[in-house]
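Engineer: one predicted model, sequence on top.
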Amino acid sequence: MYLALLVFASAGMLTSALDNGLMKTPPMGWLAWERFRCDIDCDHDPKNCISENLFIDMADRLSEDGWKELGYIYVNIDDCWSAKERDEQGRLQADPKRFPGGIPKLVQYMHDRGLKLGIYGDMGTYTCGGYPGTPLDKIEIDAQTFAKWGVDMLKLDGCYSNVTVQEQGYPLMSKALNATGRHIGYSCSWPAYQGGLPPKVNYTQLGKICNLWRNYGDIQDSWDSVLKIVDWFFGNQDVLIPAAGPGRWNDPDMLIVGDFGLSIDQSRAQMALWAIMAAPLFMSNDLRTISSGARSILQNKMAISINQDALGIQGRRILKEKSGIEVFQRPLSNNASSLVFFSRRNDMPYRYQSSLSKLNYTAGSYKVYDVFSDTAVTLKDSTDFVLSVNPTGVVMWYVSAPAKPSLHQFYKTGKFQAEDQNAIPYVIV
């Protein structure tokens, strides 16, 4: 291939991953928080409260509606699942009214359907919702409890703690989980509580103790929230890209496709940009009532395959045009790549003109597959193309490559040679 981008190359050159053999591609599934939050009023709203029945319903949808086959295999409980007190042995316990079978019953239900169960904890005295947290002296017993229940993933938040506790606690929980002998994926919220950037955040260390981590604040059900996350992640891409790779992922938070805040074009944009970022794909929506349009976006096989690419290289923004069009690029296996053309405009579709050679592709003929229109064309690198990009929307391409890329320069510089954001970077070969 082609582009200076592939100069991304093996992020594995820089950091090593947590040695639990898990999440070699970004994890996929469903997570309760954004859509259902801390609704525990099961008397008045039994279908939507945080209860055993809600997670069973979502498991049924994942296993019966084609999600599981595409890779959406985690069903993740978030905050407010536990009783307000630990049991007599000092162990966390599920609220018996809302989870009468306890967590082991849910775990078995998931495993019987080829799914996995994730659970939530907090590296502090309380969870963010005010339930029992995991202070330092409870780390070992909580890790053993989760393992005994058969849990497959732990998201560890950071409310009601401080810098010192987090510096000790997050690595200790990683060690305690591994010591149980059960393979439990580990999601750390640590960097989000420390601003997400060095020197406060040590991504080399994170890659050794966590499978994924929240870098930034919680997503909300709005386009404005999506844009803030996109701006932060791509504004800091030179720091974040080397941190990511198989077994260790930057997590920009949940997919809100299928909720209330995004249009169809904005939903495609979130899916495309999360795929370019090699982000975990955890939906937070109601799979019982999701629209066909939202389902088709979340179940788009090509977008998923780009997200799940085995190289595990996080993509980057390569252009910010004065027209409001931004171009993103991610190197993929088999010398392929993905391009996303994203419109910041709010007025009308914009006709964007460029060529593959202007986007750093070397001479050759490329097959280009449009991810959301399900069409394909063949383009020479020198051939100009014109795309119509809807306001707040995207065009996403999968691009084959006729030549093998050169990757050695990316990690020498950490960025392209061109400093002008509106300039085409030099090809590095």
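Structural biologist: That came through, no problem.
Engineer: quick one: K47 is in a strand?
Structural biologist: No: with DSSP: H, G, I helix; E, B strand; the rest coil as the criterion, K47 is assigned coil and is not in a strand.
Engineer: that one and R317, how far apart?
Structural biologist: 41 Å (CB to CB, to the nearest Å). (Each C-beta comes from the backbone N, C-alpha and C, glycine too.)
Engineer: comparing these two, which residue is more hemmed in?
Structural biologist: R317 (20 against 11; other CB atoms under 10 Å).
Engineer: just the mean pLDDT for whichever strand or helix holds that one, thanks.
Structural biologist: In this assignment (DSSP states H and E), R317 forms part of strand 316-320. Per-residue pLDDT over strand 316-320 has a mean of 98.
Engineer: output the lengthiest helix in the chain as CSV - backbone C-alpha positions only.
Structural biologist: Longest helix of the chain, by residue count under DSSP state H: helix 163-179. C-alpha atoms of helix 163-179 as CSV (Å, rounded to 0.1, in the frame of the first residue of the first chain):
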residue,chain,number,x,y,z
VAL,A,163,-5.0,9.5,42.8
THR,A,164,-3.1,7.4,45.4
VAL,A,165,-5.8,4.8,45.6
GLN,A,166,-6.1,4.6,41.9
GLU,A,167,-2.3,4.2,41.4
GLN,A,168,-2.3,1.3,43.8
GLY,A,169,-5.8,-0.2,43.1
TYR,A,170,-6.0,-0.6,39.3
PRO,A,171,-2.8,-2.6,39.1
LEU,A,172,-3.7,-4.6,42.2
MET,A,173,-7.1,-5.5,40.6
SER,A,174,-5.4,-6.7,37.4
LYS,A,175,-3.1,-8.9,39.5
ALA,A,176,-6.0,-10.2,41.6
LEU,A,177,-8.1,-11.0,38.5
ASN,A,178,-5.3,-13.0,36.9
ALA,A,179,-4.6,-14.8,40.2
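Engineer: now for the nearest residue to A363 once chain neighbours are set aside, how many residues are close by?
Structural biologist: Nearest non-adjacent residue to A363, counting by CB to CB, 6 or more residues apart in numbering: D381, 5.4 Å away. By other CB under 10 Å, 18 other residues sit near D381.
Engineer: does D381 really touch G364, like I thought?
Structural biologist: Yes: between D381 and G364 there is a contact under CB atoms under 8 Å: 5.8 Å.
Engineer: which parts of this structure are helices?
Structural biologist: Applying DSSP H to the chain gives helices spanning 33-36, 52-64, 102-112, 139-149, 163-179, 203-209, 223-235, 237-240, 264-276, 292-298, 301-307, 410-413.
Engineer: I73: which of the ones you listed is closest?
Structural biologist: Ranking the helices of the chain by proximity to I73 (CB to CB) places helix 52-64 first, at 7.3 Å.
Engineer: what does that closest one rub up against?
Structural biologist: Under the criterion CB atoms under 8 Å, 6 or more residues apart in numbering, residues 29-30, 32, 36, 46-48, 67-68, 72-73, 75, 77, 98-101, 105-106, 109-110, 113-115, 117, 287-288 lie in contact with helix 52-64.
Engineer: and the residues you listed, which are buried?
Structural biologist: Burial by neighbour count, 16 or more other CB atoms under 10 Å: within the contacts of helix 52-64 this picks out 29-30, 32, 36, 48, 67-68, 72-73, 75, 77, 98-99, 106, 109-110, 113, 115, 117, 287.
Engineer: among those residues, which lie within strands?
Structural biologist: Those of these mapping onto strands are 29-30, 75, 117, per DSSP state E.
Engineer: TSV for those residues, including pLDDT?
Structural biologist: Conversion of those to TSV gives the following (pLDDT from 0 to 100):
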residue	pLDDT
G29	99
W30	99
V75	98
L117	98
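Engineer: which among those gets closest to Q237?
Structural biologist: Nearest to Q237 among these, counting by CB to CB, is G29 at 25.5 Å.
Engineer: wait, isn't F234 in contact with R316?
Structural biologist: Yes: the criterion here is CB under 8 Å, and F234 meets it with R316 at 7.0 Å.
Engineer: identify the contacts common to these two.
Structural biologist: In terms of CB under 8 Å, 6+ apart, F234 and R316 are both contacted by the residues F328.
Engineer: that older thread, which of the ones in strands among the buried ones among the contacts of helix 52-64 sit farthest apart?
Structural biologist: Those two in these that are separated most widely, counting by CB to CB, are W30 and L117, at 10.9 Å.
Engineer: which residues do the two both contact?
Structural biologist: Residues touching both W30 and L117 (CB under 8 Å, 6+ apart): 74-76.
Engineer: let's have those residues in a markdown table, adding distance to A310.
Structural biologist: A markdown table is the format used below for the shared contacts of W30 and L117 (distance: CB to CB, whole Å):
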| residue | distance to A310 |
| --- | --- |
| Y74 | 19 |
| V75 | 24 |
| N76 | 24 |
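Engineer: just the closest of these to L154, please.
Structural biologist: Among these, N76 lies closest to L154 (CB to CB), at 9.7 Å.
Engineer: report how many residues lie close to the nearest residue to that closest one once chain neighbours are set aside.
Structural biologist: Spatial nearest neighbour of N76, chain neighbours left out: G118 (3.4 Å); criterion: CB to CB, 6+ apart. Using other CB under 10 Å, G118 is surrounded by 25 other residues.
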